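[1] Task: produce atomic coordinates for the following.
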Amino acid sequence: MIALFFGAPGVGKGTQASLISQREGIPYLSTGEALRNAIAKQTEVGKLAQTYVESGGLVPDDVVTRIVDETLKQPEFAKGAILDGYPRTTAQAEALTEILRGYGKAVSVVVNITVDTETIVKRLLLRGRKDDKEEIIRHRFGVYAKETAPLLDYYTNAGAAIKTIDGDAEVEVVYERVYTSLNA
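    Reported below is the predicted structural model:
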């Protein structure tokens, strides 16, 4: 199974992806962690990514895609993966489709966690991180709506099952909703 966890910033998709991974034994591919690992191991693509990170720039789509591909080649991902944070754009989704096709796989399910925007804004403001200022949060929502949310249509057209989950509840309640939908 290749599962993608989607949702606006702050809905808890990383938390839920991690819980499903731990409890169900499906490897979790966090693109942020994969990026850090590639840099730490000084792989060819890791060295390239490091130049962007050290200059304060965003790592380009093609470099992130190469890191995802490099990670998916590891033996623990032979039977499947849970991805969170990738893909974020149609170009990344198309690249992931090609990578998976090379392994004879495809995205089988998209877990789309939803929470009301104002609830998420309040939740993120309470978190108190340096980049959790209201204008930055709202900007991230705009980017998500423009670039990432359309991927639900992309994956619907590609034949993936879309499981929309109400994420406005305690972590364990949302986990049960996710688990139930994946096993339905």
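[2] mind listing what's buried in the host helix or strand of residue 39?
    In this assignment (DSSP states H and E), residue 39 forms part of helix 31-41. For helix 31-41, the neighbour count (16 or more other Cβ atoms under 10 Å) marks 31, 34, 35, 37, 38, 39 as buried. For glycine as for every other residue, the C-beta is placed from the backbone atoms N, C-alpha and C.
[3] ditto for stretch 66-85
    66-72, 77, 81-85.
[4] again with stretch 156-176
    160, 163, 165, 167, 168, 174, 175.
[5] what about the residue in the chain sticking out farthest from the centre, distance to residue 140?
    Computed with Cα atoms, centre = their mean, the residue of the chain farthest from its C-alpha average is residue 55, at 24.1 Å. Separation of residue 55 from residue 140 (Cβ to Cβ, to the nearest Å) stands at 22 Å.
[6] now residue 44
    Taking Cβ to Cβ, one finds residue 44 at 31 Å from residue 140.
[7] Find the centremost residue of the chain, please.
    residue 84 (1.9 Å).
[8] And that one, its phi and psi?
    For residue 84, the backbone dihedrals are phi -140, psi 130 (criterion: degrees, to the nearest 10).
[9] quick one on the thing from earlier: what's the mean pLDDT across the helix holding residue 39?
    Helix 31-41 carries an average pLDDT of 92.
[10] swap in stretch 132-144?
    Mean predicted confidence for stretch 132-144 is 90.
[11] Give me the contacts around that stretch.
    8, 9, 10, 117, 120, 121, 124, 125 (Cβ atoms under 8 Å, 6 or more residues apart in numbering).
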